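Peer 1: All I have is the shape, not the residue letters:
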Ligand SMILES: *Cc1c(COP(=O)(O)O)cnc(C)c1O
């Protein structure tokens, strides 16, 4: 067994196509529906909101491989390939026979995987003559990535950031403005949706759901402006598959194949990005890899949500999506993993869970930070609070291996670094963080507001 620690691909080995798992799924995701008529949406129906190419990719059930545009590949080369790393020191600390690998998506100047999709979304907008893009962001990773990508392709960006996150983590809004974007806390007074929310609840802390409503409203009411999204949608996961496709080649270099693939879960894009290329071998070649999505126990749509047609945003502007959901107006507890505070799961992942091809696990906040601190002290990287959930799930699996003596190969995604989230580590180390419990009654009550379609 090689003792090599980091596995890196040469520039000419970076994948030139993304993998569209929808083409290989036996049960396709159910279609998004027009909320008024309940008719299945066609790509053209999405053109007013999204770049046309993204709308087509969203509903593409046919092509398993989609070319990465040359202009996007060129920008990927600024930071890709990202390293695959064997976490020898973490293994040692856990005294586990498991082999633990992580794909390090934190090593780009934006600090998370999100730029992998920001670049193509902005490129496709530019290509069709769009001048402005708008979006929502939680902790700010997506907003930062989008602001950078917009600048790279010569677009103006307007970002709605979840208000509580904007206040907890001011540095990312400064990053966005450094790249030239304008940033507003959501709910804001600049849209009808924002005004309505503030009228109902003046202290509304905001959520990804409120910020999405505002960004979509701006896109629809502004000429030549398109909306972009950092997660949940199928085309976003598609762009993120560059992670798993690289990892596949790198695992080969390491002479191993994962028994277990783990990623944290907000809307599903970093999970899908790492998992889908490996899952294709479960679907097509009889591999038996286990896929685990790690969500916060305070926002447990995968493990305790319900499969329903629901809105993607709080105000109900989006099409109805078939998803595991906690209800579109669910208000998640104020945990530090802002990128995981979303009420629903993407349509692909929701179908895959229904079909038993993957499953979720719930991680309490304190367990996530315990894991993050152990990872920092062993591997020398301070992980994003979101990524800490993947590390915690990995540690659970590695501990099971210690008990059973199984030498499993575990691969997880380090979706981002935590260097701009140090206030959350400060709170954790000071003992000021806590866990949040969510009762079955609360979940059931919130699910009453889901439109009854199924
Ligand atoms: C946004 C984000 C996530 C969660 O989003 P997904 O689309 O589920 O991947 C996870 N980790 C980091 C670092 C993020 O920025």
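Peer 2: Right, received. Where do you want to start? Note that the structure is predicted; figures quoted are calculated from it, not measured.

Peer 1: partners of residue 159 in the sheet?
Peer 2: Beta-bridge partners for residue 159, by DSSP bridges, are residue 135, residue 183.

Peer 1: burial of it, as a residue count?
Peer 2: 30 (other Cβ atoms under 10 Å). C-betas here are computed from N, CA, C, even on glycine.

Peer 1: Quick check: it vs the ligand, distance?
Peer 2: 14 Å (Cβ to the nearest ligand atom, to the nearest Å).

Peer 1: surely that residue meets residue 141?
Peer 2: No: shown here, residue 159 and residue 141 do not form a contact pair, counting by Cβ atoms under 8 Å, at 11.4 Å.

Peer 1: So which residues of the stretch 151-300 of the chain form strands?
Peer 2: When assigned using DSSP state E, counting those that start in this stretch, the strands of the stretch 151-300 of the chain occupy the ranges 156-162, 182-186, 225-227, 260-264, 290-296.

Peer 1: What are the buried residues along the second one?
Peer 2: In this case it means strand 182-186. Residues 183-186 are the ones in strand 182-186 that count as buried (16 or more other Cβ atoms under 10 Å).

Peer 1: So in terms of bridging, what pairs with the closest residue to the ligand within the stretch 351-454 of the chain?
Peer 2: Closest to the ligand within the stretch 351-454 of the chain is residue 416: 2.7 Å, counting by Cβ to the nearest ligand atom. Residue 416 forms beta bridges with residue 112, as assigned by DSSP bridges.

Peer 1: Pull the contacting residues for it.
Peer 2: Taking Cβ atoms under 8 Å, 6 or more residues apart in numbering, we find residue 416 in contact with 105-106, 111-114, 141, 383-384, 386-387.

Peer 1: if I look at the most centrally placed residue in the chain, how far off is residue 293?
Peer 2: In the chain, the centroid-proximal residue (Cα atoms, centre = their mean) is residue 269; its distance is 3.8 Å. To residue 293, residue 269 is 11 Å away according to Cβ to Cβ, to the nearest Å.

Peer 1: Go ahead and confirm residue 307 touches residue 321.
Peer 2: No: counting by Cβ under 8 Å, residue 321 is not a contact partner of residue 307; they are 11.0 Å apart.

Peer 1: So for the two, which sits in the more crowded spot?
Peer 2: Comparing residue 307 with residue 321 by other Cβ under 10 Å, the one with more neighbours is residue 321, at 26 against 17.

Peer 1: So is the helix or strand harbouring that one next to the ligand?
Peer 2: For residue 321, the element it lies in under DSSP states H and E is strand 320-325. No: if you take Cβ under 6 Å from any ligand atom as the test, strand 320-325 misses the ligand, and the best it gets is 12.8 Å.

Peer 1: so how far is the helix or strand just after that strand from its chain's centroid?
Peer 2: Using DSSP H and E, the helix or strand that follows strand 320-325 in sequence is helix 347-354. Centre-to-centre, helix 347-354 and its host chain are 15 Å apart (Cα atoms, centre = their mean, to the nearest Å).

Peer 1: Report all helices and strands that helix 347-354 contacts.
Peer 2: For helix 347-354, the elements it packs on are helix 234-254, helix 269-285, strand 320-325, judged by 3 or more Cβ pairs under 8 Å, 6 or more residues apart in numbering; DSSP states H and E.

Peer 1: Pull out the buried positions in the longest one.
Peer 2: I take that to be helix 234-254. Along helix 234-254, these residues count as buried under the neighbour rule (16+ other Cβ under 10 Å): 234-251, 254.

Peer 1: Report whether that helix contacts the ligand.
Peer 2: No: using Cβ under 6 Å from any ligand atom, helix 234-254 stays clear of the ligand, coming no nearer than 6.9 Å.

Peer 1: any idea how far residue 431 is from residue 375?
Peer 2: In this structure, residue 375 and residue 431 are 20 Å apart, going by Cβ to Cβ.

Peer 1: who has more neighbours, these two?
Peer 2: Taking neighbours as other Cβ under 10 Å, residue 375 and residue 431 compare with residue 375 leading, 27 against 8.

Peer 1: I'd like the distance from the helix or strand where that one lies to the chain centre, please.
Peer 2: Under the criterion of DSSP H and E, residue 375 resides in helix 365-379. From the chain centre to the centre of helix 365-379 is a distance of 20 Å (Cα atoms, centre = their mean).

Peer 1: Run the angle between the next helix-or-strand element following it and helix 269-285 for me.
Peer 2: Scanning forward in sequence from helix 365-379 by DSSP H and E, the next helix or strand is helix 385-404. Helix 385-404 runs at 50 degrees relative to helix 269-285, counting by axes from the mean of the first three to the mean of the last three Cα atoms, to 10 degrees.
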